[in-house]
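Participant: Structure, please.
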Amino acid sequence: MTTESQIVFYEDRNFQGRSYECKGDTSDLHSFFSRCNSARVKGGFWVLYERPNYMGYQYILAPGEFPDYHHWIGFNDCVRSCRLVRHVTGHLKLKLFERPNFDGQTWEVTDSTPSIQERFLCKEVHSCKVHEGPCVFFQHANYHGRQYLLEKGEYRRHTEWGAMHPTVGSIRQISTDLPAAGKQFNWPNKYFLDSASPHTGVFRIRLYERPDFQGQIMECSEDWPHLYDRFRHREVQSCNVLGGAWVFFEHPNYRGRQYLLERGEYRRFSDWNAMNPTVGSIRLVQEL
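Facilitator: Next up is the predicted model:
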């Protein structure tokens, strides 16, 4: 029997608060809920978008339960549009190209690849042809960082799959081979949450609205030149550096006083030696 495609969004964590049941593509979810902190995928594979009209950060969800947005590797509680992933065949065949417009060296992928660099000795993919799919490109190795859904078709440049740069660290196949009822689907969410290590090359930091890791949370894995555009707050009262080293800047665009934060917990802004909690921009430290 075919399972009906369906996802239920909840405003609060652990499936609490106002909910909305969705059965198809929706370009603007704002009228149904103001925030999304948990979700249940009852059937099908779904792409959640941070902004309306299928724009912004993408999160691909398989059937299962997600008690908070960190379980789908979310950067915040903002979900403004969603669509169903169609034509999931359980097979993968794609060709990666070194340059735009299908030029340069090529590599063929037929299964999930946790490290593109180790397998093909490259860090960038500038164009791609998906012959069988769909699949997910991840910004970093081991299925970390930003996600981009690629369905069957041709992509002449990285911007056509929604990326701002051509870096591809890993590729994950979307498979129809679900586990037995009651078991968690084998998707990399738990691995992502539990595996941040200073030796993996993964940069990850969690910012909090209030001291002692309270209030609204924002998670980041890349440079942010203007924190207010993402966080909607000008103050960071506490933070947890889960991977890598970071620099906080007092003003946007990496200006003003600087504060270096290495892996660890910072319960209040004075722990990183700041005189006030104002943070205008943050930048990761590539080498330390």
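Participant: how close does residue 67 sit to residue 16?
Facilitator: 10 Å (C-beta to C-beta, to the nearest Å). Just so you know, the C-beta spots here come from the backbone N, C-alpha and C atoms, and that holds for glycine as well.
Participant: what do these two both touch?
Facilitator: residue 38 (C-beta atoms under 8 Å, 6 or more residues apart in numbering).
Participant: between these two, which one's more packed in?
Facilitator: Each of residue 67 and residue 16 has its neighbours counted (other C-beta atoms under 10 Å); residue 67 has more, 15 against 12.
Participant: hey, where'd the strands end up in the stretch 101-250 of the chain?
Facilitator: Ranges of strands in the stretch 101-250 of the chain, per DSSP state E, counting those that start in this stretch, are 103-109, 127-132, 135-140, 144-150, 153-155, 170-173, 204-210, 214-220, 238-243, 245-251.
Participant: Of those strands, flag the one that's most buried.
Facilitator: strand 135-140 (a mean of 24; mean count of other C-beta atoms under 10 Å).
Participant: Tell me what angle that strand forms with strand 204-210.
Facilitator: Angle, strand 135-140 to strand 204-210, by axes from the mean of the first three to the mean of the last three C-alpha atoms, to 10 degrees: 80 degrees.
Participant: what about strand 135-140, distance to the chain center?
Facilitator: 9 Å (C-alpha atoms, centre = their mean, to the nearest Å).
Participant: and if you look at stretch 219-239?
Facilitator: With C-alpha atoms, centre = their mean, you get 15 Å for stretch 219-239.
Participant: what about it, how long is it end to end?
Facilitator: End-to-end distance of stretch 219-239: 10 Å, with C-alpha to C-alpha, to the nearest Å as the criterion.
Participant: Low-confidence ranges, the stretch 101-250 of the chain, go.
Facilitator: Within the stretch 101-250 of the chain, the stretches with pLDDT under 70 are 176-202.
Participant: mind redoing it with 80?
Facilitator: For the stretch 101-250 of the chain, applying pLDDT under 80 flags the ranges 144-145, 175-203, 229-233.
Participant: Can you tell me how far the nearest residue to residue 208 once chain neighbours are set aside is from residue 172?
Facilitator: Using C-beta to C-beta, 6 or more residues apart in numbering and skipping residues adjacent in sequence, the residue nearest residue 208 is residue 238, 4.4 Å away. As judged by C-beta to C-beta, residue 238 and residue 172 stand 32 Å apart.
Participant: ok, now residue 25?
Facilitator: Taking C-beta to C-beta, one finds residue 25 at 22 Å from residue 172.
Participant: same thing with residue 239?
Facilitator: Taken as C-beta to C-beta, the span from residue 239 to residue 172 is 29 Å.
Participant: for residue 205, same thing?
Facilitator: Taking C-beta to C-beta, one finds residue 205 at 23 Å from residue 172.
Participant: same deal with residue 51?
Facilitator: Look at residue 51 and residue 172: by C-beta to C-beta, they are 23 Å apart.
Participant: just the helices in the stretch 151-288 of the chain please.
Facilitator: For the stretch 151-288 of the chain, the helices defined by DSSP state H, counting those that start in this stretch cover 189-194, 227-231.
Participant: residue contacts, the closest residue to residue 236 other than its chain neighbours?
Facilitator: Closest residue in space to residue 236, ignoring its immediate chain neighbours: residue 279 at 4.4 Å, by C-beta to C-beta, 6+ apart. Residue 279 is in contact with 207, 227, 234, 235, 236, 248, 249, 250, counting by C-beta under 8 Å, 6+ apart.
Participant: what's the answer for residue 241, then?
Facilitator: Counted by C-beta under 8 Å, 6+ apart, residue 241 has contacts 204, 205, 261, 262, 263, 264, 265, 266.
Participant: rerun that using 10 Å as the cut-off
Facilitator: Taking C-beta atoms under 10 Å, 6 or more residues apart in numbering as the criterion, residue 241 is in contact with 196, 198, 203-207, 261-266, 272.
Participant: Okay, and the beta partners of it?
Facilitator: residue 205, residue 264 (DSSP bridges).
Participant: Pull up the gap between it and residue 284, please.
Facilitator: Computed with C-beta to C-beta, the distance linking residue 241 and residue 284 is 10 Å.
Participant: repeat for residue 30
Facilitator: Where residue 284 is concerned, residue 30 sits at a distance of 31 Å (C-beta to C-beta).
Participant: Those two: which has the busier surroundings?
Facilitator: When residue 30 and residue 284 are compared for neighbours, residue 284 comes out ahead with 18 against 12, by other C-beta under 10 Å.
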